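Asker: Kindly generate the corresponding structure for this input.
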Amino acid sequence: MTDTNDKIVPRTVVVLAGGISHERDVSLRSGRRVADSLSERGHTVILRDPDASLLPFLDETRPDVVWPALHGASGEDGALRALLDAIGVPYVGSRSDASRLAWNKPTAKVLVERGGFATPRSITLPRDTFRELGATEVLSRVVADLGTSLVVKPAQGGSALGVGVISSADDLPRAVVDAYTYGEVALIEQRVHGVEVSVGIVDLGDGPFALPVVEIEPRSGVYSFEARYNAGETSFFVPARLDDETARVAQETALAIHTLLGLRHISRVDLIIDDAGVPWFLEANVLPGLTETSIVPQAILAAGHTLGSVYAALSDLAIAESAR
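Answerer: As a prediction, the model looks like this:
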């Protein structure tokens, strides 16, 4: 396996994991994997949960870099990253402004579509509108406009929590209510049929590049929370079973979207490749999952790198950029 660093400079790294979002357990798993990988490289790693003592702790200890492995709002909505900027601590990952844009799925879709990329037609439905205008009336208009083959998801959040895939209008009310369990706004999209893929983007110091395309084939047909994090529930193909040209277009599309959204260091872009080979943008992940079943670690290994070398290179890049 390729080691991205010939000479290791020991660092003190604070890995943040856990938090209070619905994705706490996933974050703990991601954080432990990152911490173990960095420790194996000889770095001093402090793994901790964010709480009221975090900012004073960072002020006092002044670590070389912070590695936010926080999924959900506590790590991906940009607020924590703005605070890290405010206290002058380098951190791995996207800046706060880019995080806010990508974290909000409807906003990201608008920006990506304006950038000339395909994304499924959709309607963004706040809970208050759903109540004020009447569920029956609102959803009948949604079906009339978008049809009945739909994907319903919270406008913010990850790990497929609150996501419903439906093929009947009768199932739409329940799917919308489920999405509201995880947020105040639901995103209702037309379902695009095709090959579900994901493309990780990393920057090891010479600019961002796309990792091998990963094809996702859940046993249930839906890449749900259970399919993502329970071993054996999903088959992953790395590289994806696509022809070279289609794979290249998927990688170029993901890289362009990463750049368009202003993301930094590491991200993941989820796509559907339709029968014509067109990649459809679904969402961008500010902090992709880094657990033992997650996509980006699989792609890193398939590209010939070790996890430790990549995570360390990202740390070094964050430190170098903060010094400029």
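
Asker: Give me the contacts around the helix or strand residue 97 falls within.
Answerer: Using DSSP states H and E, residue 97 sits in helix 96-103. Contact partners of helix 96-103, identified using Cβ atoms under 8 Å, 6 or more residues apart in numbering, comprise 73, 76-79, 81-82, 85, 93-94, 107-108, 111, 156, 261-264, 267, 284-286. Every C-beta, even on glycine, is put in place using the N, C-alpha and C of the backbone.

Asker: In PDB, could you pull the C-alpha coordinates for it?
Answerer: Extracted as PDB, the C-alpha positions of helix 96-103 are listed here (Å, rounded to 0.1, in the frame of the first residue of the first chain):
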ATOM      1  CA  SER A  96     -17.900  26.700   8.200                       C
ATOM      2  CA  ASP A  97     -19.500  28.500   5.200                       C
ATOM      3  CA  ALA A  98     -19.100  25.600   2.800                       C
ATOM      4  CA  SER A  99     -20.300  23.200   5.500                       C
ATOM      5  CA  ARG A 100     -23.500  25.200   6.000                       C
ATOM      6  CA  LEU A 101     -24.200  25.100   2.300                       C
ATOM      7  CA  ALA A 102     -23.600  21.400   1.700                       C
ATOM      8  CA  TRP A 103     -25.300  20.400   5.000                       C
END
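
Asker: Check the average confidence over it, would you?
Answerer: The pLDDT scores in helix 96-103 average 94.

Asker: helices or strands up against the following helix or strand past it?
Answerer: Of the helices and strands lying after helix 96-103 in sequence (DSSP H and E), the nearest is helix 105-114. Packed against helix 105-114 by the contact rule (3 or more Cβ pairs under 8 Å, 6 or more residues apart in numbering; DSSP states H and E) you find helix 96-103, strand 122-126, strand 185-190, helix 244-260, strand 279-285.

Asker: Buried ones among the contacts of helix 96-103?
Answerer: Neighbour counting by 16 or more other Cβ atoms under 10 Å classes 73, 76-78, 81, 93-94, 107-108, 111, 156, 261, 263-264, 267, 284-286 among the contacts of helix 96-103 as buried.

Asker: Can you report phi and psi for the residue located most distally from the centre of the chain?
Answerer: Largest separation from the mean C-alpha position in the chain: residue 137, at 33.5 Å (Cα atoms, centre = their mean). The phi/psi pair for residue 137 (degrees, to the nearest 10) reads phi -70, psi -50.

Asker: do you know how far it is from residue 179?
Answerer: Residue 137 sits 18 Å away from residue 179, taking Cβ to Cβ, to the nearest Å as the criterion.

Asker: try residue 320
Answerer: Look at residue 320 and residue 179: by Cβ to Cβ, they are 40 Å apart.

Asker: Same check on residue 27?
Answerer: Using Cβ to Cβ, we find residue 27 at a distance of 21 Å from residue 179.

Asker: So for residue 38, which of the helices and strands packed on helix 105-114 sits nearest?
Answerer: Ranking the helices and strands packed on helix 105-114 by proximity to residue 38 (Cβ to Cβ) places strand 279-285 first, at 20.7 Å.

Asker: got a list of contacts for the following helix or strand past that closest one?
Answerer: For strand 279-285, the following helix or strand on the C-terminal side (DSSP H and E) is helix 295-302. Residues outside helix 295-302 that contact it (Cβ under 8 Å, 6+ apart) are 1, 33, 198-200, 202, 211-214, 216, 236, 238-239, 266, 268, 288-291, 306-307, 310.

Asker: For residue 119, what are phi and psi?
Answerer: According to degrees, to the nearest 10, residue 119 has phi -150, psi 150.

Asker: thinking again about what came up before, show me how far the helix holding residue 97 is from its chain's centre.
Answerer: Helix 96-103 sits 11 Å away from the centroid of its parent chain (Cα atoms, centre = their mean, to the nearest Å).

Asker: can you check stretch 151-166 too?
Answerer: Computed by Cα atoms, centre = their mean, the chain-centroid distance of stretch 151-166 equals 13 Å.

Asker: Closest to the centroid, which residue in this protein?
Answerer: Closest-to-mean residue, the chain, Cα atoms, centre = their mean: residue 285 / 2.1 Å.

Asker: Run through the residues that contact that one.
Answerer: Residue 285 is in contact with 76, 102, 158, 267, 268, 269, 270, counting by Cβ under 8 Å, 6+ apart.

Asker: 10 Å - rerun?
Answerer: When contacts are counted by Cβ atoms under 10 Å, 6 or more residues apart in numbering, residue 285 is found next to 71, 76, 102-103, 158-159, 198, 200-201, 263, 266-270, 295-296.

Asker: what number of residues lie near residue 175?
Answerer: Residues lying near residue 175 (other Cβ atoms under 10 Å) number 21.

Asker: so where do the strands sit in the stretch 1-150 of the chain?
Answerer: Listed in chain order, the strands of the stretch 1-150 of the chain (DSSP state E, counting those that start in this stretch) span 12-16, 44-48, 65-68, 122-126, 150-154.
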